[in-house]
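1. Coordinates for the following, if possible.
(one chain, ligands or ions: 1)
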Amino acid sequence: MSTEASTRALPAPPAAFRWLVLVVISLAMFGNYYVYDAISPLADVLQKQLGFTDGNIGLLQGIYSVPNIIMVLVGGILIDRIGVKKATFLFAVLCFMGALLTALSPKLWVMASGRLVFGLGAESLIVAVTAAVAQWFRGKELSFAFGINLLIARLGSFAALNSPTWARWAFGSWRTPLLIATVFGAVCVIAAGVYWLMENGAAKRYALGGQGGTDKVVWGDLLKFSPTYWYVVALCITFYSGIFPFQTFAVKFFQDAHGVTRETGGFLSSMLTLFAMIGTPLFGLMVDRVGKRALFMMLGSLLLIPVYLLMAYTHVSLFVPMAMMGIAFSLIPAVMWPSVAYLVPEEKLGTAYGLMTLIQNVGLAGFNFLIGWANDHAAASAAHPTGYRLGMWIFSSLGFFGFLFAYLLRRAETGPDAHGLETITTANQAG
Ligand SMILES: N[C@@H](Cc1c[nH]cn1)C(=O)NCC(=O)O
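-> Alright, predicted model coming up:
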């Protein structure tokens, strides 16, 4: 980035340029999110054509998270060393190579290696893009910019989950949908490359801000965090483990247990993404105005407890539990991630978020593996749909534990050592 002397002489980048940069860099995340969600709509094809078990499908999705348990520690350091533009490009290339490797061979170990390489790049790419957005929008429209960034990223998930509809022709073979995912991996690389060029061009003409804090973990800080931070981390692991591993098996579960088509199953799963795209920014605005963050996290977790059991034991329209889950998936992330900023000192935020992402990935890996095992153990299939119930009980218990942690948080935040989670609003912070 520019030196201080040149920064003083140059004008700030025009707003239109900043928003263009945001769209370009978010397209890298769009490609990344597509590849992440490319497996679940393909689950029944992998089973029929390659004989994959649910344990194998869980492995393909869970192995994404495994390198991130370490990678999140080094990703931030790498970004600081080589800069955002080079790091984003490097991580995007890993995403592309991982997607390509996944499509190359029907052998499970090759596909799993592809997902591992993809995971190695994907989560660090999210960190690098977050740092880039902070760099371009600090002191400007930062929250809104993050909202747009996630909206564009989630369009990638939406496209992947609905690929059985718009790319129906591709699902005759296990490989074609994965090759389509590789094309989206290429979009990720192209967007990262264009961003590199844009930043180089802008550095000559405009004063650019420095990098923000990234998700580095400083071990010494961990013991100093308050119990309330750990309640949020515990909620984070239970909440995301109840959402993303559910989505891994959702399309196959809907097909086997509810007799819907792959297209409808994909759409039902994508309802979560759709709700989140619209609901997350709106809930964000709402809690900024009314506070009561722990209470809303309790509400979101409460919504999750019955949804899995409704799907496992009743024939209520799947749109009802998926809408309830969609509300939870919009509400909890909108409240949970910003809440950390009230619970830890500003200079420790990088460590706090890094640790939370690390622990989130432990949950995502563990529960993808566990649910795959549970489905196989209980012989879940179209011929034996009740075999899915064990997995649904595990998910429902996660909702219960999420509720418990949110309750403990609420109790702490209505006591004498509260950090303001329930009380701070834009009105009482104005001025
Ligand atoms: N760490 C990511 C994993 C992910 C999900 N979809 C694509 N990547 C994550 O948890 N994102 C949270 C989110 O709300 O998008």
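2. hang on, isn't F253 packed against T386?
-> No - F253 lies out of contact with T386 (Cβ atoms under 8 Å); the separation is 11.7 Å. Using the backbone N, CA and C atoms, a C-beta is placed for each residue, glycine as well.
3. Looking at those two, which is more packed in?
-> In terms of neighbours (other Cβ atoms under 10 Å), F253 is the more surrounded of F253 and T386; the figures are 28 against 13.
4. The nearest residue to the more buried one once chain neighbours are set aside: neighbouring residues, count only.
-> Residue nearest to F253 in three dimensions, not counting chain neighbours: Y388, with 5.3 Å by Cβ to Cβ, 6 or more residues apart in numbering. A count of neighbours around Y388, defined by other Cβ under 10 Å, yields 25.
5. show me what contacts Y388?
-> Going by Cβ atoms under 8 Å, 6 or more residues apart in numbering, Y388 touches F249, F253, D256, A257, A312, N375, A378, A380.
6. Need phi/psi at S381.
-> In this entry, S381 is assigned phi and psi values of phi -170, psi 180 (degrees, to the nearest 10).
7. ok, now F283?
-> phi -60, psi -30.
8. One more: S226?
-> Torsion angles, degrees, to the nearest 10, at S226: phi -70, psi 160.
9. And for V316?
-> According to degrees, to the nearest 10, V316 has phi -60, psi 140.
10. in the stretch 151-300 of the chain, which spans are helices?
-> With DSSP state H, counting those that start in this stretch as the criterion, the stretch 151-300 of the chain has helices at 163-166, 175-205, 227-258, 262-290, 293-313.
11. Tabulate these (CSV), appending distance to I424.
-> Shown next, in CSV, are the helices of the stretch 151-300 of the chain (distance: least, Cβ to Cβ, whole Å):
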stretch, distance to I424
helix 163-166, 42
helix 175-205, 35
helix 227-258, 14
helix 262-290, 9
helix 293-313, 9
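12. Which one of these lies nearest to the ligand?
-> Among the helices of the stretch 151-300 of the chain, the nearest to the ligand by Cβ to the nearest ligand atom is helix 227-258 (5.7 Å).
13. Now do the closest one, average pLDDT.
-> What helix 227-258 shows for mean pLDDT is 97.
14. List the buried residues for it?
-> 228-257 (16 or more other Cβ atoms under 10 Å).
15. do stretch 376-394 as well
-> So, applying 16+ other Cβ under 10 Å, buried residues of stretch 376-394: D376, A378, A380, S381, P385, G387, Y388, R389, L390, G391, M392, I394.
16. Over to stretch 81-95?
-> 83-95.
17. and what of stretch 202-209?
-> Neighbour counts over stretch 202-209 (16+ other Cβ under 10 Å) mark A202, A203, Y206, A207, L208, G209 as buried.
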